[in-house]
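sharing a model that was predicted from the sequence below.
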Amino acid sequence: MGAGPAALCIASELIKQGLDVSALASHSPKEPWPNTYGIWAEELESLGMASLLGHRWNDTISYFGNGYGDDGSKPTIHNFDYGLFDQAAFQNALLDRCKDLNWAIETAENILFVDKITEVICSSGKKYRARIVIDASGHKSPFIRRPNHGDVAQQAAYGVVGRFTSPPVNENQFVLMDFRSNHLTEQEVKESPSFLYAMDFGEDLFFVEETSLACAPAVSWETLKSRLISRLASRGIEITEVSHEEYCLFPMNLPLPYRNQPLLAFGGSASMVHPASGYMVGALLRRAPDLAEKLSEFMSIEPALDSAKLAKKSWNVLWNAELVQRHRLYQFGLKRLMSFDEALLRSFFATFFRLPKEDWSRFLANTLPLPKLILVMLRLFTISPLKVKLGMIGIVIL
Ligand SMILES: Cc1cc2nc3c(=O)[nH]c(=O)nc-3n(C[C@H](O)[C@H](O)[C@H](O)COP(=O)(O)OP(=O)(O)OC[C@H]3O[C@@H](n4cnc5c(N)ncnc54)[C@H](O)[C@@H]3O)c2cc1C
C-alpha cells in the first residue's frame with residue numbers, strides 16, 4: 001500500500017524474490033513525489049546508487065557560532081560530500097524495478113483479517129485480498145497500531161527555491177545547519193530554535209530552508225517563513241523570484257509500532273525516520289532487501305503461515321532487538337536535545353561534528369552496531385563542554 005519511496009523500495013525487493021506482488025495507492029505511482037530528498041553521498045555510494053544524485057556538493061559546512069562578524073562567522077567544515085536525489089531519476093529507477101507490478105489506484109479505508117488472509121477495503125467499495133499486506137502509506141497511517149507516548153515531536157521547515165538579490169550561500173556550497181541567530185530578538189531566541197539548510201543549485205538558483213529539527217507542538221510554517229525572511233534580511237538579502245516553496249512536516253519520534261500486529265509496515269508508517277536526523281531514504285534502501293528476503297523465506301518454508309503469523313515474524317526482522325535498542329538510544333538523545341536552549345544546542349552540534357567523521361556520519365546514517373553506537377555516544381559525552389554534559393544527563397543550567 002502506497003507509492004512513495006518506501007512502497008517502491010520494498011515492492012521492488014519483493015519482486016526480486018519472485019513473489020507475486022500487487023500494489024495499491026491513492027494516486028498513480030508515476031505522479032512525481034512532492035518532497036526533495038537529501039542524503040550524504042557516501043551512504044548512497046555504499047549502495048551503488050550515487051548516479052541518482054542530481055546535485056552533489058563537496059563544499060559542505062555548518063555554522064554553530066552566534067554571529068556574522070565575530071567567531072560565529074567561522075564555519076564548521078564537514079569535509080564530506082552531500083547530495084540531493086534527482087527526484088525523477090530516483091523514482092523512475094525504482095519504478096523500472098517494479099515494471100511488472102499490477103497497480104490499483106485506490107484509497108484503502110479499512111483493513112480486515114479474515115480466513116487467515118488480509119482484506120483491504122477501499123473507498124470505492126472494492127476489496128483486495130492478499131496473504132500479507134505491507135502498509136507503506138506514510139507517517140499518518142491510521143492502520144498501524146503503536147503505543148501512545150504523548151506528544152510526537154515534528155520536524156517542520158519552510159523553504160524556497162529561487163533567486164535572491166545576492167547569494168545566500170557561496171558558489172557550489174551546501175550548508176547543513178546555519179544556527180547563527182543574532183538577527184533574532186531575545187524573545188525569539190527563547191522560543192524553539194531553528195536553523196538554515198541551504199544550497200547553491202547553480203545559475204543563480206538557490207534553495208534556502210528554515211528548519212526546526214524537532215518540536216512538540218511543531219513550529220508553525222508562518223514562524224519559519226518569517227524567520228527565514230528576517231535571517232536573509234539581516235544579511236541584506238531579499239528573495240526576488242520564487243520557483244518552488246517547500247512546506248515540510250513529519251514526525252521525528254513516532255513510537256515504534258507493536259510488533260505483534262497482523263499488518264506489516266515499511267517506511268514512515270513503520271517509524272523508520274531516524275529520530276536524530278529526520279532522514280529515512282538511506283534506511284529504506286538498506287533495509288528493504290533483508291526484509292523481502294526473510295519474508296519470502298517465511299512464505300516458502302512455512303506455506304501454512306497466515307497473515308498474522310507472517311507479519312509477526314517479519315516485524316521481528318524489520319525491528320530486530322538490536323535496531324530497537326539503537327532506536328531507543330536515538331529517541332533518548334532527541335528527547336535531551338529538545339530540552340536544550342538555542343545556545344546549548346549550538347554547543348552540542350559543534351561538539352558532535354568534532355567526532356571523527358566516520359563516527360558522526362555513521363551515527364547519522366544509523367549504521368553503527370549497538371556497542372559502537374554506545375561508545376560513540378560516550379565519546380561525545382566525554383568531549384562535550386560541562387554545560388552540554390549536564391544537559392545530556394537532564395540538568396539544564398539557566
Ligand atoms: C518535505 C519533506 C522532506 C523530506 N526530506 C527528506 C530528506 O531529505 N531525506 C530523507 O531521507 N527523508 C526526508 N523526509 C522524510 C521521509 O523520507 C519522507 O517523509 C518520505 O516521503 C516518507 O516515505 P513513505 O514512502 O513512507 O511515505 P510517503 O512518501 O508519504 O508516501 C505515502 C504513499 O502512500 C499513499 N497513501 C497514503 N494513504 C493511503 C491510503 N489510505 N490508501 C492508499 N494509498 C495511500 C500516498 O498516496 C503515497 O503514495 C522528508 C519528508 C518531508 C515531508
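Okay, I see it.

most centrally placed residue in this structure?
Computing the C-alpha centroid of the chain and ranking residues by C-alpha atoms, centre = their mean puts Tyr279 first, at 2.4 Å.

would you mind listing what in the stretch 201-350 of the chain touches the ligand?
246, 248, 250, 267-268, 273, 279-281 (C-beta under 6 Å from any ligand atom). Where C-beta positions appear, they are placed from N, C-alpha and C, glycine not excepted.

which pair in these spans the largest distance?
Between all members of those, the longest pairwise span (C-beta to C-beta) is found for Glu246 and Gly267 and amounts to 19.5 Å.

which one's more surrounded, those two?
Between Glu246 and Gly267, counted using other C-beta atoms under 10 Å, the more crowded position is Gly267 (29 against 15).

which residues touch that one?
Taking C-beta atoms under 8 Å, 6 or more residues apart in numbering as the contact definition, Gly267 lies against 2, 4-7, 9-10, 136, 138, 280, 284.

tell me which element Phe113 is part of?
With the criterion set as DSSP states H and E, the secondary-structure element containing Phe113 is strand 108-114.

and for Arg287?
Of the helices and strands defined by DSSP H and E, Arg287 is found in helix 281-301.

and the contacts of that helix?
Applying C-beta under 8 Å, 6+ apart, the external contacts of helix 281-301 come out as 5-6, 9-10, 12-14, 16-19, 37, 39-40, 43-44, 47, 49, 85, 131-132, 264, 266-267, 272, 274, 305, 310, 313-314, 317-318, 365-367.

hmm, which of those residues are the buried ones?
Buried positions within these, assessed by neighbour count (16 or more other C-beta atoms under 10 Å), are 5-6, 9-10, 12-14, 17, 19, 37, 39-40, 43-44, 49, 85, 132, 264, 266-267, 272, 274, 305, 310, 313-314, 317-318, 365-367.

quick one: which of those residues sit in strands?
Among the buried ones among the contacts of helix 281-301, the subset assigned to strands under DSSP state E consists of 39-40, 85, 264.

report the two of these separated the most.
By the measure C-beta to C-beta, Trp40 and Leu264 form the most distant pair in those, at 28.4 Å.

now do the helices in the stretch 101-250 of the chain.
With DSSP state H, counting those that start in this stretch, the ranges of helices along the stretch 101-250 of the chain come out as 186-190, 221-234.

now the lowest-mean-pLDDT helix or strand in the chain: buried residues?
For the chain, counting by mean pLDDT, DSSP states H and E, helix 186-190 ranks last in confidence among helices and strands (a mean of 82). Residues Glu188 are the ones in helix 186-190 that count as buried (16+ other C-beta under 10 Å).

any chance you could list what contacts it?
Contacts made with helix 186-190 from outside it, assessed by C-beta under 8 Å, 6+ apart, are listed as 181, 227, 341-342.

His55: what secondary structure?
Remark: His55 carries the secondary structure label strand [criterion: DSSP: H, G, I helix; E, B strand; the rest coil].

quick one: it from Cys9, how far?
From His55 over to Cys9 the distance is 21 Å, taken as C-beta to C-beta, to the nearest Å.

wait, what's in contact with the residue of the stretch 51-200 of the chain found nearest the ligand?
Residue nearest to the ligand within the stretch 51-200 of the chain (C-beta to the nearest ligand atom): Gly138, separated by 3.0 Å. Contacts here follow C-beta under 8 Å, 6+ apart; on that basis Gly138 touches 2, 4, 6, 267-269.

got the CA positions of stretch 286-302 in CSV?
Taking C-alpha atoms only, stretch 286-302 is exported to CSV below (Å, rounded to 0.1, in the frame of the first residue of the first chain):
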residue,chain,number,x,y,z
ARG,A,286,19.4,-0.7,3.1
ARG,A,287,16.7,-2.5,5.0
ALA,A,288,14.3,-3.5,2.2
PRO,A,289,16.4,-6.3,0.7
ASP,A,290,16.7,-8.2,4.0
LEU,A,291,13.0,-7.8,4.9
ALA,A,292,12.0,-9.0,1.4
GLU,A,293,14.4,-12.0,1.6
LYS,A,294,13.2,-13.1,5.0
LEU,A,295,9.5,-12.6,4.2
SER,A,296,10.0,-14.7,1.0
GLU,A,297,11.7,-17.5,3.1
PHE,A,298,8.9,-17.5,5.7
MET,A,299,6.3,-17.8,2.9
SER,A,300,8.0,-20.7,1.1
ILE,A,301,9.3,-22.6,4.1
GLU,A,302,6.0,-22.4,6.0
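
averaged pLDDT, it. What do you get?
Confidence over stretch 286-302, taken as the mean pLDDT, stands at 95.

buried stuff in it?
Of the residues in stretch 286-302, 286-289, 291-292, 294-296, 298-299 count as buried by neighbour count, 16+ other C-beta under 10 Å.

of those, which is the nearest to Ser166?
Set against Ser166, the nearest of the buried residues of stretch 286-302 by C-beta to C-beta is Arg286 (40.1 Å).

report the inter-axis angle for the strand ranked longest in the chain versus helix 221-234.
Looking only at the chain and at elements set by DSSP E, the strand with the highest residue count is strand 239-251. Direction vectors for strand 239-251 and helix 221-234, defined by axes from the mean of the first three to the mean of the last three C-alpha atoms, to 10 degrees, enclose an angle of 140 degrees.

quick revisit: can you tell me which of the ones in strands among the buried ones among the contacts of helix 281-301 is closest to the ligand?
Using C-beta to the nearest ligand atom, Ile39 comes nearest to the ligand of these, at 6.1 Å.
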